[in-house]
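Trainee: Pasting the sequence and the predicted coordinates here, then a few questions.
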Amino acid sequence: AVLEFSERVGIQQEFLSTKLRPNEPHQHWIVEAILRSHKSLRDFYRIYWSAQHKCEIEGCEWSLVTDGGLKPHRKLCAAKFSGVREFGSSNVKIVTGCTKIPSSKSQFCESHKNEPTPVVLSQKLTKTNRKKLSNDREKNQKANKNLPKDQVFIVESILGARIVRGKKSFKVKWSGFGDRSATWEPAKNVPLFIQKYYCDKSRFGKPLPQPRIKHTKMAGKGEKYHLLQWGDSNSGEEEWLKDSLFDIESDSMVPEFSSCNTRKTKDKRLKHHSAGILISVKPCGIIPHFDEIFGCESISQNYASKMEFLANLPEEIRTKVKVWFYDDMCHEKPYSENPAQATHSDVTKFYAHEVEKAVDFFHFPGHKADWCHKNTNPWDLKKKLDFKKLNTPACEQAFNWINRYKSVKGMNESRFLFFFLYLLELHNLKIEGKVKTVANPLYSRRKELIKQIHQDMKPYREFYTASPVPTDVDSLEECLATLSLNRDTAKLVDAIPDTEFILNMLDTCPICESVYKRKGDLKNHLITQHLVKKEAIYFKCSCGVICDDQKKY
């Protein structure tokens with residue numbers, strides 16, 4: 001899948017020119033290759049399906065519907081406060097925590113097993129304190145249903161210290177709990193960097209300082225991931241994270257104009273997980289935008305992801321978007337049109353002032369507030385723009401089949417992102433009837449189709465990174481063979497027959513010359529009478545387009 005997709009994008013050189021390491025499994029460097037090229041693959045995906053897809057379904061060119069799905073999620077490292085995602089196009093920062101997968105028999109990844117962090121797992125606490133905190137958390141959850149139910153506790157500050165029978169202990173105030181819930185913990189349960197910070201008794205009761213930015217990586221136009229480090233710095237190159245991200249809710253800037261109960265709640269699962277995926281869908285079913293979300297489907301995170309998507313698109317494509325639907329638009333609309341947020345960049349200005357925003361028709365009956373009916377009513381928008389019917393439940397239709405692939409909890413970051421990116425790519429190709437041609441490495445005319453894709457994308461080449469075709473490997477089939485995938489490749493070869501049958505306007509059997517009135521009858525005739533595999537049958541329109549799906553033909 002990685003090799004096939006990269007060849008279509010034009011960045012296959014990074015994979016094919018990398019020879020297998022004799023003492024290392026090929027899975028290791030494939031994961032490295034995915035992480036190296038994910039930005040290019042994602043940018044190509046967004047631009048191609050926003051610019052090149054055209055159909056006759058109403059609203060396909062100028063409208064989008066956004067929604068989040070919580071079922072496709074993966075496990076995350078329990079170091080909740082060790083990562084920040086920064087969206088440059090909208091000036092929004094989201095606390096993601098460490099995005100790596102936990103190591104075996106642990107809730108932390110390999111990097112955070114021994115690295116200082118304010119997170120303390122419940123099994124480290126004494127039995128009495130663990131029971132006390134669990135009871136207090138249950139009481140708090142009755143008052144605030146958004147509180148998490150996990151067994152992870154965060155040190156907020158140290159209130160005091162004492163020595164009893166030669167053993168030192170600290171009075172710990174936990175994040176999300178009041179002073180009455182503070183517990184005395186032995187020194188072995190308190191991270192060492194916290195003990196060092198509170199050696200100065202004048203600091204008792206004061207919260208921990210913000211962490212340092214240890215490493216930053218770019219993931220898009222202005223999109224950054226910050227890896228944070230708690231405790232003392234070993235080098236003077238690291239900077240302090242100035243924003244008080246851990247003291248406020250990420251949606252604190254969202255104005256409460258609407259009283260609708262449509263706000264998303266925090267993740268309540270016992271173990272740390274990602275929140276799911278966010279998609280934007282055209283009325284025809286094409287999905288040009290996909291992103292992973294953390295914590296919850298918050299307004300700020302949803303808004304920031306959409307702004308990064310628009311920032312990736314060339315201006316002539318971006319300005320075609322006229323309408324955007326979202327089930328919680330009654331909260332996102334005032335947030336996006338707030339002058340402090342709207343004036344940050346050209347993209348935020350465009351979204352705030354030129355894009356019509358409304359709740360989709362499917363979710364609008366659940367909105368009861370007067371403000372929603374006045375400002376985000378899709379029926380008023382229908383009268384204003386004079387469209388007949390838009391398929392606004394497109395996201396629900398998409399998640400109906402995406403949720404079949406929810407067993408991805410054990411995937412690491414690179415595999416998870418690429419898996420869903422490629423899955424959505426195949427879904428879009430299926431809608432256009434091109435899965436068996438463009439995405440099939442053994443299709444005889446595939447190279448011609450790829451050349452046409454590269455020619456169509458030439459005006460947008462500057463918006464994604466593409467590499468020249470490699471010269472060290474002759475073909476994709478040869479590279480597949482070097483991966484020791486002989487068994488899987490053999491199955492693929494058997495599935496694709498050597499002879500192809502293209503049914504044109506004349507409904508005549510190419511073998512026995514029998515004449516049929518309908519294409520479907522001719523296809524059944526080839527399969528039953530001549531034992532032709534259905535993968536070898538294509539339909540050709542009078543305009544010359546070849547399609548592998550009879551319905552799309």
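Mentor: Arrived safely.

Trainee: Just the terminal-to-terminal distance for stretch 432-450.
Mentor: 15 Å (Cα to Cα, to the nearest Å).

Trainee: Dump the lengthiest strand in the chain to CSV, restricted to CA.
Mentor: Ranked by residue count and defined by DSSP state E, the top strand of the chain is strand 152-164. Output of strand 152-164 as CSV, limited to C-alpha atoms (Å, rounded to 0.1, in the frame of the first residue of the first chain):
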residue,chain,number,x,y,z
VAL,A,152,-4.2,8.3,36.0
PHE,A,153,-3.5,11.2,38.5
ILE,A,154,-1.6,14.4,37.8
VAL,A,155,0.5,16.2,40.4
GLU,A,156,-0.5,19.8,40.6
SER,A,157,1.6,21.0,43.5
ILE,A,158,3.2,19.9,46.8
LEU,A,159,1.5,21.4,49.9
GLY,A,160,4.0,20.1,52.5
ALA,A,161,6.6,17.6,53.5
ARG,A,162,7.3,15.5,56.7
ILE,A,163,9.6,12.8,58.0
VAL,A,164,8.0,9.9,60.0
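
Trainee: got a list of what T126 touches?
Mentor: T126 makes contacts with 185-186, 189, as judged by Cβ atoms under 8 Å, 6 or more residues apart in numbering. (Glycine included, C-beta is placed from N, CA and C.)

Trainee: and the gap between it and V172?
Mentor: 12 Å (Cβ to Cβ, to the nearest Å).

Trainee: re the thing from before, out of the contacts of T126, name the ones that lie in strands.
Mentor: 185-186.

Trainee: And the contacts of T126, which of them are buried?
Mentor: Among the contacts of T126, the ones that count as buried by 16 or more other Cβ atoms under 10 Å are 185, 189.

Trainee: Format the contacts of T126 as a markdown table; extra columns: distance to I279 and pLDDT.
Mentor: Formatted as a markdown table, the contacts of T126 follow (distance: Cβ to Cβ, whole Å; pLDDT from 0 to 100):
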| residue | distance to I279 | pLDDT |
| --- | --- | --- |
| E185 | 43 | 88 |
| P186 | 47 | 88 |
| N189 | 42 | 83 |
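
Trainee: and of the contacts of T126, the nearest to K80?
Mentor: N189 (17.6 Å; Cβ to Cβ).

Trainee: Quick check: closest non-adjacent residue to that closest one.
Mentor: Of all residues not flanking N189 in the chain, K124 sits nearest, at 5.2 Å (Cβ to Cβ, 6 or more residues apart in numbering).

Trainee: So what's the residue count around that neighbour?
Mentor: Residues lying near K124 (other Cβ atoms under 10 Å) number 14.

Trainee: cool, and P288?
Mentor: Neighbours around P288, by other Cβ under 10 Å: 22.

Trainee: need the contact list for it.
Mentor: Per Cβ under 8 Å, 6+ apart, neighbours of P288: 45-46, 49-50, 53, 64, 280, 282, 309.

Trainee: What are the buried residues along the longest strand of the chain?
Mentor: Buried residues in strand 152-164 (16+ other Cβ under 10 Å): 152-159, 161.

Trainee: With stretch 384-392 instead?
Mentor: 390-392.

Trainee: D328: which of those residues is nearest?
Mentor: T392 (13.9 Å).

Trainee: What residues does the closest one make contact with?
Mentor: 65, 283, 325, 360-362, 378.

Trainee: Three-state assignment for it, please.
Mentor: Reduced to three states with DSSP: H, G, I helix; E, B strand; the rest coil, the structure at T392 is coil.

Trainee: Give me the spatial nearest neighbour of it, chain neighbours excluded.
Mentor: Nearest to T392 is D360, by Cβ to Cβ, 6+ apart, at 3.7 Å.

Trainee: That neighbour: what's it in contact with?
Mentor: Counted by Cβ under 8 Å, 6+ apart, D360 has contacts 65, 325-327, 378, 392-393, 395.

Trainee: Among the residues you listed, which ones are in helices?
Mentor: 378, 395 (DSSP state H).

Trainee: what's the most distant pair in the contacts of D360?
Mentor: P378 and C395 (14.3 Å).

Trainee: Need phi/psi at the residue nearest to N189.
Mentor: phi -80, psi -20 (degrees, to the nearest 10).

Trainee: From S104, how far off is it?
Mentor: 19 Å.

Trainee: Repeat that for K523.
Mentor: Counting by Cβ to Cβ - K523 and S104 are separated by 50 Å.

Trainee: again, but for K168
Mentor: Plainly put, K168 is 33 Å away from S104 if you go by Cβ to Cβ.

Trainee: And those two? Which one has more around it.
Mentor: K168 (13 against 5).

Trainee: Surely the more buried one is within a strand?
Mentor: Yes - under three-state DSSP, K168 falls within a strand.

Trainee: which residues touch it?
Mentor: 161-162, 186-187.

Trainee: now do 6 Å
Mentor: When contacts are counted by Cβ atoms under 6 Å, 6 or more residues apart in numbering, K168 touches A187.

Trainee: pLDDT wise, what is it at?
Mentor: On pLDDT, K168 comes in at 90.

Trainee: who's it bridged to?
Mentor: I163 (DSSP bridges).

Trainee: gap between it and Q195?
Mentor: K168 is 9 Å from Q195, by Cβ to Cβ.

Trainee: Check S106 too.
Mentor: If you go by Cβ to Cβ, the gap between S106 and Q195 works out to 23 Å.

Trainee: do the same with V347
Mentor: V347 is 46 Å from Q195, by Cβ to Cβ.

Trainee: Mind giving me the PyMOL command for buried ones among the contacts of T392?
Mentor: In PyMOL syntax, the buried subset of these is picked out as below (16+ other Cβ under 10 Å):
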select buried, resi 65+283+325+360+361+362+378
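
Trainee: now, which of the contacts of T392 sits nearest I57?
Mentor: Using Cβ to Cβ, those come closest to I57 at P283, 5.5 Å.

Trainee: any idea how far K374 is from the closest residue to the closest one other than its chain neighbours?
Mentor: With sequence-adjacent residues excluded and distances taken as Cβ to Cβ, 6+ apart, P283 is closest to N391, at 4.0 Å. Counting by Cβ to Cβ, the separation of N391 from K374 is 25 Å.

Trainee: and what of E448?
Mentor: 54 Å.

Trainee: Run through the stretch 451-553 of the chain and note the low-pLDDT ranges.
Mentor: 465-506, 535, 539-553 (pLDDT under 70).

Trainee: quick one, phi psi at the closest residue in space to V515 that isn't next to it in sequence?
Mentor: Of all residues not flanking V515 in the chain, T508 sits nearest, at 5.4 Å (Cβ to Cβ, 6+ apart). Dihedral pair for T508: phi -120, psi 130, per degrees, to the nearest 10.

Trainee: Hmm, K517 and T508 touching each other?
Mentor: No - taking contacts as Cβ atoms under 6 Å, T508 lies outside contact range of K517: 11.2 Å.

Trainee: more crowded one of these two?
Mentor: A direct count of neighbours by other Cβ under 10 Å for T508 and K517 places T508 higher, at 14 against 8.

Trainee: gap between the more buried one and V532?
Mentor: Distance from T508 to V532, by Cβ to Cβ: 15 Å.

Trainee: What of K282?
Mentor: 35 Å.

Trainee: Show me which of those two is the more surrounded one.
Mentor: K282 (26 against 20).

Trainee: What sits closest to the more buried one if chain neighbours are left out?
Mentor: Using Cβ to Cβ, 6+ apart, the nearest residue to K282 is C60, at 5.1 Å.
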